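Chemist: coordinates only, sequence not included:
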């Protein structure tokens, strides 16, 4: 029997909002100001991309963005297009996160954790692929926060703001 891979389930607003909560929590652990909204539009398509999963092998939260990009320069190939294709997915995830109050967007367009906590038990039944996507989102949160500003992150990724 062959298991089906459900792309729709991995791009639904609830799952993506959960990934953004992990990304934001990791970012906040390094930088209390929270991530600016544009980096969410960068992090989520990378974290959810199965074709980029191998680039995260042998990394941890301390690897850092620059070292990761030096090890895996293929990340930058087609990155702008990948972001453009996922704009609506990320927007819906941010909306869902805000409506469910697990995320909030400040007046300065920064993501912060909301008043409600995302339930850790929600991920216990996930298969390995989606669970790894959540871990990749967290790792990117650490790396983006340590890299500095949003402009620095975009510059390192080969994108212009």
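Modeler: The structure has been received and is ready for your questions. Predicted, not measured: the structure shown is a model, and the values here were computed from it.

Chemist: Could you list the buried residues of the top helix by length along the chain?
Modeler: Secondary structure of the chain read by DSSP state H shows that its longest helix is helix 128-147. Using 16 or more other Cβ atoms under 10 Å as the test for burial, helix 128-147 gives 130, 133-147. Backbone N, C-alpha and C define where each C-beta goes, glycine included.

Chemist: Stretch 148-161 now?
Modeler: Residues of stretch 148-161 classed as buried by neighbour count (16+ other Cβ under 10 Å): 150, 153, 154, 156, 157.

Chemist: Give the rounded mean pLDDT of that stretch.
Modeler: Average pLDDT, stretch 148-161: 91.

Chemist: Work out the gap between it and the centre of the chain.
Modeler: Centre-to-centre, stretch 148-161 and its host chain are 15 Å apart (Cα atoms, centre = their mean, to the nearest Å).

Chemist: got a list of contacts for that stretch?
Modeler: For stretch 148-161, contacts defined as Cβ atoms under 8 Å, 6 or more residues apart in numbering pick out 35-36, 38-39, 42, 65-66, 69, 75-76, 79-80, 83, 144, 147.

Chemist: out of those residues, who's nearest residue 51?
Modeler: Using Cβ to Cβ, residue 75 comes nearest to residue 51 of the contacts of stretch 148-161, at 10.3 Å.

Chemist: Hmm, residue 52 and that closest one touching each other?
Modeler: Yes. With contact defined as Cβ atoms under 8 Å, residue 75 counts as touching residue 52 (6.2 Å).

Chemist: Need the overlap of contacts for the two.
Modeler: Residues touching both residue 75 and residue 52 (Cβ under 8 Å, 6+ apart) are residue 46.
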